[in-house]
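> got a predicted model here, sequence first, then my questions.
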Amino acid sequence: MTPHPTGWHLFKQALAIRDAQPLDKGLRRINDRLGLLGEQRPTGRRKAATIHIERTEDRARSIFFTPDMDGQADSGEVVWVWAPADTPQDPPQERAILVVGRTRTTILGLAISPNPEHADESWWLEIGAGEWDDQGRQCWIRMDRVLEISEEQVRRQGVLFPARRFERIANRLRSTYRWG
């Protein structure tokens, strides 16, 4: 037979329920950022991330291949962001971004695109197919613009860019855009 709960016991239960809500929110946020929620992710219209775009030479910095599955997006990892569409009435599209640097709270990245029209554009570099495109298409990376995005607005999925291909991009950034 279970004893009748005391006032103190009921108070502790109420606190546990109240405190579980922020904990649950926090765990859902962490799982969402890590891409672990899968089909449980909320459906409906996504909000586009705030993306600051700068000329690559204006953000010149040292670049190294330093992926580390430590909870932060690091140089050499691919992340996804809900980017604004070309027209305001269209919904945002999830885009793959190669991380090439970071600040304390933001990532710096280069946009990845499977659009074959980029093959003839000098500011795009061919990177081949990889896990960043779920259809396995040939892709390109935009070299002349750096995207700065709050780390909270990107989704990580544990995809590392191949080191040799990353070094090709780093060499282009060093030789053309004055990166170190």
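Structure received.
> show me where the chain has helices.
If DSSP state H is used as the criterion, the helices of the chain fall at 7-33, 163-177.
> what are the contacting residues of stretch 153-170?
Residues from elsewhere that reach stretch 153-170, judged by CB atoms under 8 Å, 6 or more residues apart in numbering: 32-35, 49-50, 63-65, 67, 69, 73, 76-82, 94, 97-98, 100, 107, 110, 125, 127-128, 130-132, 141, 143, 179. Just so you know, the C-beta spots here come from the backbone N, C-alpha and C atoms, and that holds for glycine as well.
> and those, which are buried?
In terms of neighbour count (16 or more other CB atoms under 10 Å), the buried residues within the contacts of stretch 153-170 are 33, 35, 49, 63, 65, 67, 73, 76-82, 97-98, 100, 107, 110, 125, 127, 130, 132, 141, 143, 179.
> can you tell me which of the contacts of stretch 153-170 are in strands?
Among the contacts of stretch 153-170, the members found in strands (DSSP state E) are 77-82, 94, 97-98, 100, 107, 110, 125, 127-128, 141.
> for those residues, which one is nearest residue 150?
Using CB to CB, residue 107 is the member of the ones in strands among the contacts of stretch 153-170 that lies nearest residue 150, at 8.2 Å.
> what is the closest one paired to in the beta sheet?
Applying DSSP bridges to residue 107 gives these bridge partners: residue 102, residue 149.
> what residues are up against it?
Residues touching residue 107, when contacts are defined by CB under 8 Å, 6+ apart, comprise 73, 79, 97, 99, 101, 148-149, 151, 154.
> pick out the most distant pair among those.
For those, the maximum inter-member distance is 13.5 Å, found between 101 and 154 (CB to CB).
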